[in-house]
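> structural data only, the sequence is not supplied:
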């Protein structure tokens, strides 16, 4: 009789090693873009809220008195039908503005409140009326205007550099550079914003110069106003 072969257990093949789940390239790209957007937004917000240092300008009672005297002399000449040219240097201009601009109270000082308005014109007017500080520097033929204003309880600064002029009886401003807070404003956006501001029906009449003013410019670091 032949020998019987015992039943052997089946041979188990080794299992393949477990592979870690693969993260697609597109998912990594999406993650990087998402966090980059968050970071860019945060940096932009910080730059907007970070006021730039105010330019150092002088303002004295003597310069204010000198500016008042020059303005009075120009007005007297015009009233007599004579042409006149008014020149104010940087100190005289800032001293004159300090005495004549109606600025909003400093932060923390309660002011009048009113009903909310959804119109853009009302919001622009609100920003304009909440200006708390104005300083002007003049160099060569350019003017550097520095403003601090309140926007929804936050103090922000606006820096504008450009050239002043007059055209067809209206004030003209050609922007060269600008910052909101510490954030630079792209040149194309700056030019578009200034154009809309100047040509807006609401602001157009505010840019109208007195009928006896024929020219307005910055020359050799002075504000020069020519009366006809």
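Cool, got the structure. Owing to the predicted nature of the structure, the values given are computational and were not obtained by experimental measurement. Numbering: from 1, shown residues only.
> buried stuff in the biggest strand by length in the chain?
When the chain is scanned for its longest strand (criterion: DSSP state E), the result is strand 154-167. For strand 154-167, burial by neighbour count (16 or more other C-beta atoms under 10 Å) applies to 155, 156, 157, 158, 159, 160, 161, 162, 164, 166. The C-beta positions use only the backbone N, C-alpha and C, and glycine is treated the same way.
> state the distance from the first one to residue 51.
In this case it means residue 155. Relative to residue 51, residue 155 is positioned 7 Å away (C-beta to C-beta, to the nearest Å).
> shared neighbours of these two, anything?
Taking C-beta atoms under 8 Å, 6 or more residues apart in numbering as the contact criterion, the common neighbours of residue 155 and residue 51 are residue 148.
> pull the contacting residues for the residue lying closest to residue 219 once chain neighbours are set aside.
Setting aside the residues directly before and after it, residue 219 is nearest to residue 141 in space (C-beta to C-beta, 6 or more residues apart in numbering), at 6.3 Å. Contacts here follow C-beta under 8 Å, 6+ apart; on that basis residue 141 touches 163, 217, 218, 219.
> residue 193 now?
So residue 193 contacts residue 185 (C-beta under 8 Å, 6+ apart).
> now do the SS call for it.
Under the three-state scheme (DSSP: H, G, I helix; E, B strand; the rest coil), the conformation of residue 193 reads as helix.
> low pLDDT regions in this protein?
Confidence mapping of the chain against pLDDT under 70 gives the ranges 1-26, 28-49, 102-129.
> now do the contacts for residue 59.
Contacts for residue 59 were tallied using C-beta under 8 Å, 6+ apart; they are 91, 94, 95, 98.
> which residues does the host helix or strand of residue 74 contact?
Of the helices and strands defined by DSSP states H and E, residue 74 is found in helix 61-79. Outside of helix 61-79, the residues that reach it under the criterion C-beta under 8 Å, 6+ apart are 83-89, 91-96, 98-99, 212, 225, 227.
> quick one, which of those residues are buried?
Applying 16+ other C-beta under 10 Å to the contacts of helix 61-79, the neighbour count classes 84, 86, 88-89, 91-96, 98, 225, 227 as buried.
> coming back round to it: so of the contacts of helix 61-79, which ones are in strands?
Under the assignment DSSP E, these contribute 84, 85, 86, 87, 88, 225, 227 to strands.
> what angle do the helix or strand residue 216 falls within and strand 154-167 make?
Here residue 216 sits within strand 213-219, counting by DSSP H and E. With axes from the mean of the first three to the mean of the last three C-alpha atoms, to 10 degrees as the criterion, the two stretches strand 213-219 and strand 154-167 enclose an angle of 120 degrees.
> so residue 138 bridges to which residues?
residue 143 (DSSP bridges).
> near it, how many other residues are there?
The criterion is other C-beta atoms under 10 Å. On that basis, residue 138 has 22 neighbouring residues.
> my read: it touches residue 222, true?
Yes. Look at residue 138 against residue 222 with C-beta atoms under 8 Å: they come within range, at 6.6 Å.
> contacts for the longest strand of the chain next, please.
Counting by C-beta under 8 Å, 6+ apart, the neighbours of strand 154-167 from elsewhere in the structure are 48-49, 51-52, 54, 107, 132, 141-150, 171-181, 194, 209, 213-218, 223.
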